[in-house]
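K.L.:
sequence and predicted model, in that order:
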Amino acid sequence: MNARTNARAALRPGLAASLLLAVLTVAGGAPARAGGAEPWPVSGKLYGEPDQNRPEDTAASDKADDVSGIACATDSGFPRVCLVADDESQGAQIVILRDGALRAGSFIRLIDAAHEGVPLELDAEGVAYADGAFYVIGSHGRPRRAAGKPEAGTVARAEATRQLFRIRFDPAAVDPETGVLKGNPEITGTRALARLIREDPVLKPFHDRPLEEGGVTVEGVAVRDGQLHAGFRGPVLEGGDAVVISVPLTNLFEGEPSPAQVSRIALGRDTTGQARGVRDLVAVPEGFLILAGPMLDPKGDGVEAGDYAVYRWNGTDAPVQALALDGYGRKVKPEALLPLDRTTERQRALVLFDGPKEGAPRVVEIPLR
């Protein structure tokens, strides 16, 4: 028996035990763990940070490496017309999603703000779709104070991101091969959510504080039944609860006075014991899927298996952890979740990441029971 055969023989018991454990874990109702599927390829170019000298020239932008949100105009079948956000860009980009690949298309500019000639980021952190419209949300956060730099720049950067956009266009006006949009979208912006955050008794103490100090940072958005739901990476409240704020769309876009509701939800802890916040929020028939991760990135930017997880939440009761995500590498942080298709037992979904170029989309399977 040669060395290779010996190695295979030695591995068999451990492999068998691992497979048995995986089967028993899923069958027993405990959270499953994501597998290691290969990333889907992205053709074209997903745009990230604009060129400081030519911010109006989208083609001159860097390739995206901070993908932060995705949503599609349909939730079944392929191809789909979708919208992707990168948090260093000044807008969002149309993407054609096929089963196994993405094609980057037209860029939709949402802001053109600058401070002292330097383009400001929208810091878009989430994308949702409902009833014929996409919604793109800024983080509503305050960047960390830069040593030696005027406070005016920090204020300008914070104001640039305290916005929510509604974007309407006919998906049939998008070329299914190239992702190019014919005509112009209808874009409506609002700062009403920033005011509600600033006035809410739970969130008010964290307004205008940087994330490093537990400040407000929105990273997920979902729309269902006429309500917008924004999930916060920070703050994580005393006791370890994350926060979701729910507001009628008529309040945000039409100025109708209606109350906001703040939900406190426990999303467990990462491998260092840090309580998780919301990294993405997605509407599904039963309620929501929540992509959860630590509020603060660990020293060294390591991402261990189990630091990030997917939860099922009906919008009322405590969320239930459904899937613990693998660690995909240093600085590879799960940031966006997109449902693909489902059976009665499992939801197939795409996870996109902050860190690798163009999001490195990977498929995971989320147990539904």
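P.N.:
Sure, I can see it. Numbering: from 1, shown residues only.
K.L.:
quick check: beta-bridge partners of the nearest residue to residue 281 once chain neighbours are set aside?
P.N.:
Using C-beta to C-beta, 6 or more residues apart in numbering and skipping residues adjacent in sequence, the residue nearest residue 281 is residue 220, 3.2 Å away. Using the backbone N, CA and C atoms, a C-beta is placed for each residue, glycine as well. With DSSP bridges as the criterion, residue 220 is bridged to residue 231.
K.L.:
tell me how many other residues crowd residue 317.
P.N.:
Neighbour count of residue 317, defined by other C-beta atoms under 10 Å: 10.
K.L.:
hang on, it is in a strand, isn't it?
P.N.:
No. With DSSP: H, G, I helix; E, B strand; the rest coil as the criterion, residue 317 is coil rather than part of a strand.
K.L.:
how much space separates it from residue 266?
P.N.:
11 Å (C-beta to C-beta, to the nearest Å).
K.L.:
repeat that for residue 120.
P.N.:
35 Å.
K.L.:
buried set for stretch 153-167?
P.N.:
By 16 or more other C-beta atoms under 10 Å, the buried positions in stretch 153-167 come out as 153-154, 156-167.
K.L.:
and if you look at stretch 262-271?
P.N.:
262-263, 265-270.
K.L.:
quick one, strands of the stretch 251-369 of the chain?
P.N.:
Assigned by DSSP state E, counting those that start in this stretch, the stretch 251-369 of the chain shows strands spanning 261-266, 276-284, 287-294, 309-313, 320-324, 333-342, 346-354, 362-367.
K.L.:
dump the second one to CSV, keeping only the CA atoms.
P.N.:
Looking back up the chat, that one is strand 276-284. The C-alpha trace of strand 276-284 is given here as CSV (Å, rounded to 0.1, in the frame of the first residue of the first chain):
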residue,chain,number,x,y,z
ARG,A,276,-24.0,40.7,15.2
GLY,A,277,-25.8,43.5,13.4
VAL,A,278,-27.7,43.4,10.1
ARG,A,279,-25.6,43.2,7.0
ASP,A,280,-28.5,42.7,4.6
LEU,A,281,-32.3,42.4,4.8
VAL,A,282,-34.4,40.6,2.1
ALA,A,283,-38.2,40.3,1.9
VAL,A,284,-39.4,36.7,1.3
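K.L.:
that one to strand 346-354, inter-axis angle?
P.N.:
130 degrees (axes from the mean of the first three to the mean of the last three C-alpha atoms, to 10 degrees).
K.L.:
which strands or helices does strand 276-284 pack on?
P.N.:
Applying 3 or more C-beta pairs under 8 Å, 6 or more residues apart in numbering; DSSP states H and E, we find strand 276-284 packed against strand 124-130, strand 217-224, strand 227-234, strand 241-248, strand 287-294, strand 333-342.
K.L.:
re the thing from before, between the strands of the stretch 251-369 of the chain, which gets nearest to residue 129?
P.N.:
strand 276-284 (9.0 Å; C-beta to C-beta).
K.L.:
where does pLDDT dip in the stretch 101-250 of the chain?
P.N.:
Scanning the stretch 101-250 of the chain for pLDDT under 70 picks out the ranges 145-150.
K.L.:
which residue ranges of it form helices?
P.N.:
Using DSSP state H, counting those that start in this stretch, the helices of the stretch 101-250 of the chain run over residues 151-161, 192-199, 249-254.
K.L.:
next, format these as TSV and append distance to residue 224.
P.N.:
Shown next, in TSV, are those (distance: least, C-beta to C-beta, whole Å):
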stretch	distance to residue 224
helix 151-161	24
helix 192-199	16
helix 249-254	10
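K.L.:
closest to residue 307 out of the ones you listed?
P.N.:
Closest among these, once you apply C-beta to C-beta, is helix 151-161, at 25.1 Å.
K.L.:
now do that closest one and strand 124-130, the angle between them.
P.N.:
20 degrees.
K.L.:
check which helices and strands helix 151-161 is in contact with.
P.N.:
If you count contacts as 3+ C-beta pairs under 8 Å, 6+ apart, helix 151-161 packs onto strand 114-115.
K.L.:
paired strands for the strand it packs on, with orientation please.
P.N.:
strand 118-119 (antiparallel).
K.L.:
contacting residues around the strand it pairs with?
P.N.:
Strand 118-119 is contacted from outside by 50, 52, 55, 90, 112-113, using C-beta atoms under 8 Å, 6 or more residues apart in numbering.
K.L.:
for ChimeraX, what selects the buried ones among those?
P.N.:
Selection of buried members from these for ChimeraX, criterion 16+ other C-beta under 10 Å:
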select :50,55,90,113
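K.L.:
now, among the buried residues of stretch 153-167, which is nearest to residue 192?
P.N.:
residue 164 (7.5 Å).
K.L.:
show me what contacts that closest one?
P.N.:
135-138, 189-193, 228, 252.
K.L.:
residue contacts, the closest residue to residue 54 other than its chain neighbours?
P.N.:
In space, and not counting its chain neighbours, residue 54 is closest to residue 60: 4.8 Å by C-beta to C-beta, 6+ apart. Residue 60 makes contacts with 50-51, 54, as judged by C-beta under 8 Å, 6+ apart.
K.L.:
could you do residue 351 as well?
P.N.:
34, 291, 325, 334, 336-338, 361-364.
K.L.:
what about 10 Å?
P.N.:
34, 37, 39, 70, 280, 291, 308, 310, 323, 325-326, 328, 334-338, 359-364 (C-beta atoms under 10 Å, 6 or more residues apart in numbering).
K.L.:
and these, which of them are buried?
P.N.:
Buried positions within the contacts of residue 351, assessed by neighbour count (16+ other C-beta under 10 Å), are 34, 39, 70, 280, 291, 308, 310, 323, 325-326, 328, 334-338, 359-364.
K.L.:
ramachandran coordinates for residue 99?
P.N.:
Main-chain dihedrals, residue 99, degrees, to the nearest 10: phi -80, psi 90.
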